[in-house]
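> using only what follows, build the 3D model:
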Amino acid sequence: MKPNQFHKSTGFTWRDRWRSVGFALQGILVFIKKEQQARLHGIATLLVLVLAIYFQVNSYEAIALTLSVGLVWSAEIFNTSIEQIMNYISREKQPAIKIIKDLAAAAVLVSALTALLVGAFVFIPKIIAVW
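Numbers count the residues shown, from 1 in each chain. Down below sits the predicted model:
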(Lines give C-alpha, C1' and ligand atoms only; values in the text may rest on other atoms or scores of the structure.)
Protein backbone atom coordinates (compact mmCIF):
# COMPACT_ATOMS: atom_id res chain seq x y z
CA MET A 1 0.00 0.00 0.00
CA LYS A 2 1.22 3.48 -0.81
CA PRO A 3 1.93 5.72 2.22
CA ASN A 4 -0.93 8.14 1.46
CA GLN A 5 -3.43 5.47 0.48
CA PHE A 6 -5.55 4.51 3.49
CA HIS A 7 -8.22 2.50 1.75
CA LYS A 8 -8.30 1.07 -1.72
CA SER A 9 -11.56 2.08 -3.35
CA THR A 10 -13.47 -0.83 -4.80
CA GLY A 11 -16.45 1.26 -5.83
CA PHE A 12 -19.89 1.40 -4.33
CA THR A 13 -21.20 -1.67 -2.52
CA TRP A 14 -24.25 -2.00 -0.30
CA ARG A 15 -22.25 -4.16 2.07
CA ASP A 16 -19.77 -1.31 2.67
CA ARG A 17 -22.63 1.17 3.17
CA TRP A 18 -24.25 -1.06 5.78
CA ARG A 19 -20.91 -1.48 7.54
CA SER A 20 -20.58 2.31 7.65
CA VAL A 21 -24.04 2.59 9.16
CA GLY A 22 -23.02 -0.01 11.75
CA PHE A 23 -19.94 2.02 12.69
CA ALA A 24 -22.09 5.16 13.02
CA LEU A 25 -24.58 3.34 15.24
CA GLN A 26 -21.70 2.12 17.41
CA GLY A 27 -20.61 5.74 17.78
CA ILE A 28 -24.10 6.79 18.84
CA LEU A 29 -24.24 3.98 21.41
CA VAL A 30 -20.86 4.95 22.85
CA PHE A 31 -21.99 8.57 23.01
CA ILE A 32 -25.22 7.67 24.84
CA LYS A 33 -23.51 5.27 27.26
CA LYS A 34 -20.51 7.43 28.17
CA GLU A 35 -21.65 11.05 27.92
CA GLN A 36 -23.94 12.53 30.54
CA GLN A 37 -24.90 15.30 28.11
CA ALA A 38 -26.37 12.64 25.81
CA ARG A 39 -28.80 11.61 28.51
CA LEU A 40 -29.80 15.24 29.06
CA HIS A 41 -30.35 15.68 25.30
CA GLY A 42 -32.30 12.43 25.26
CA ILE A 43 -34.68 13.73 27.93
CA ALA A 44 -35.07 17.03 26.07
CA THR A 45 -35.73 15.15 22.81
CA LEU A 46 -38.43 13.03 24.47
CA LEU A 47 -40.01 16.16 25.93
CA VAL A 48 -40.10 17.79 22.48
CA LEU A 49 -41.62 14.62 21.00
CA VAL A 50 -44.31 14.41 23.69
CA LEU A 51 -45.18 18.11 23.32
CA ALA A 52 -45.24 17.83 19.52
CA ILE A 53 -47.69 14.93 19.71
CA TYR A 54 -49.82 16.55 22.42
CA PHE A 55 -50.10 19.88 20.60
CA GLN A 56 -50.39 18.21 17.17
CA VAL A 57 -47.76 20.38 15.51
CA ASN A 58 -48.11 20.93 11.79
CA SER A 59 -45.62 19.68 9.20
CA TYR A 60 -43.56 22.88 9.15
CA GLU A 61 -43.31 22.98 12.94
CA ALA A 62 -42.32 19.30 12.97
CA ILE A 63 -39.59 19.98 10.41
CA ALA A 64 -38.25 22.93 12.44
CA LEU A 65 -38.28 20.89 15.66
CA THR A 66 -36.64 17.88 13.99
CA LEU A 67 -33.88 19.98 12.45
CA SER A 68 -33.29 21.79 15.75
CA VAL A 69 -33.04 18.57 17.74
CA GLY A 70 -30.76 17.04 15.11
CA LEU A 71 -28.56 20.14 15.14
CA VAL A 72 -28.07 19.91 18.91
CA TRP A 73 -27.31 16.18 18.82
CA SER A 74 -24.84 16.66 15.96
CA ALA A 75 -23.10 19.57 17.68
CA GLU A 76 -22.79 17.60 20.90
CA ILE A 77 -21.34 14.58 19.10
CA PHE A 78 -18.83 16.80 17.26
CA ASN A 79 -17.96 18.50 20.56
CA THR A 80 -17.37 15.14 22.24
CA SER A 81 -15.24 14.00 19.31
CA ILE A 82 -13.13 17.15 19.48
CA GLU A 83 -12.72 16.79 23.25
CA GLN A 84 -11.63 13.16 22.84
CA ILE A 85 -9.09 14.10 20.17
CA MET A 86 -7.68 16.92 22.30
CA ASN A 87 -7.44 14.65 25.35
CA TYR A 88 -5.64 12.07 23.21
CA ILE A 89 -3.16 14.69 22.01
CA SER A 90 -2.40 15.95 25.51
CA ARG A 91 -3.79 15.62 29.02
CA GLU A 92 -1.77 18.63 30.11
CA LYS A 93 -3.45 22.02 30.24
CA GLN A 94 -2.48 23.92 27.14
CA PRO A 95 -3.94 27.29 26.08
CA ALA A 96 -4.41 26.21 22.44
CA ILE A 97 -6.29 23.06 23.43
CA LYS A 98 -8.47 25.05 25.82
CA ILE A 99 -9.43 27.42 23.01
CA ILE A 100 -10.30 24.49 20.73
CA LYS A 101 -12.45 22.86 23.41
CA ASP A 102 -14.14 26.16 24.27
CA LEU A 103 -15.00 26.78 20.62
CA ALA A 104 -16.51 23.31 20.29
CA ALA A 105 -18.53 23.85 23.46
CA ALA A 106 -19.67 27.22 22.12
CA ALA A 107 -21.07 25.48 19.03
CA VAL A 108 -23.16 23.25 21.29
CA LEU A 109 -24.40 26.27 23.23
CA VAL A 110 -25.36 28.13 20.03
CA SER A 111 -27.21 25.09 18.67
CA ALA A 112 -29.00 24.51 22.00
CA LEU A 113 -30.08 28.16 22.23
CA THR A 114 -31.30 28.01 18.63
CA ALA A 115 -33.32 24.89 19.42
CA LEU A 116 -34.72 26.58 22.52
CA LEU A 117 -35.87 29.54 20.42
CA VAL A 118 -37.47 27.26 17.84
CA GLY A 119 -39.22 25.37 20.62
CA ALA A 120 -40.44 28.64 22.12
CA PHE A 121 -41.78 29.84 18.75
CA VAL A 122 -43.61 26.56 18.25
CA PHE A 123 -44.88 25.76 21.74
CA ILE A 124 -45.50 29.07 23.56
CA PRO A 125 -48.46 30.09 21.34
CA LYS A 126 -49.94 26.59 21.75
CA ILE A 127 -49.51 26.70 25.55
CA ILE A 128 -51.07 30.17 25.70
CA ALA A 129 -54.01 28.99 23.57
CA VAL A 130 -54.72 26.18 26.05
CA TRP A 131 -54.76 28.58 29.02
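
> contacts and neighbour counts: CA atoms only from here.
Fine.

> contacts only, for the residue most central in space within the chain.
When CA atoms, centre = their mean is applied to the chain, the residue found nearest the centroid is Trp73 (1.7 Å). Trp73 sits next to 38, 41 when contact means CA atoms under 8 Å, 6 or more residues apart in numbering.

> I'd like the distance between it and Thr80.
Distance, Trp73 to Thr80, by CA to CA, to the nearest Å: 11 Å.

> on contacts alone, who are the packing partners of the lowest-mean-pLDDT helix or strand in the chain?
One helix or strand of the chain scores below all others by mean pLDDT, DSSP states H and E: helix 14-34, with a mean of 92. Contact here means 3 or more CA pairs under 8 Å, 6 or more residues apart in numbering; DSSP states H and E; on that basis helix 14-34 packs against helix 36-54.

> the inter-axis angle of the helix it packs on versus helix 14-34?
Put simply, helix 36-54 runs at 100 degrees to helix 14-34, going by axes from the mean of the first three to the mean of the last three CA atoms, to 10 degrees.

> quick one: list the elements packing against helix 36-54.
Applying 3+ CA pairs under 8 Å, 6+ apart, one finds that helix 36-54 contacts helix 14-34, helix 59-89.

> how about those helices in JSON lines, adding distance to Val50?
Converted to JSON lines, the helices and strands packed on helix 36-54 look like this (distance: least, CA to CA, whole Å):
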{"stretch": "helix 14-34", "distance to Val50": "20"}
{"stretch": "helix 59-89", "distance to Val50": "12"}
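
> of those helices, flag the one that's most buried.
For the helices and strands packed on helix 36-54, the largest average neighbour count (mean count of other CA atoms under 10 Å) is found in helix 59-89, namely a mean of 17.

> got the angle for that helix vs helix 14-34?
Interaxial angle, helix 59-89 versus helix 14-34 (the same axes, to 10 degrees): 80 degrees.

> gap between the least confident helix or strand of the chain and the chain center?
Distance of helix 14-34 from its chain centroid, counting by CA atoms, centre = their mean, to the nearest Å, is 14 Å.

> low-scoring stretches of the chain, by residue?
For the chain, applying pLDDT under 70 flags the ranges 1-10.
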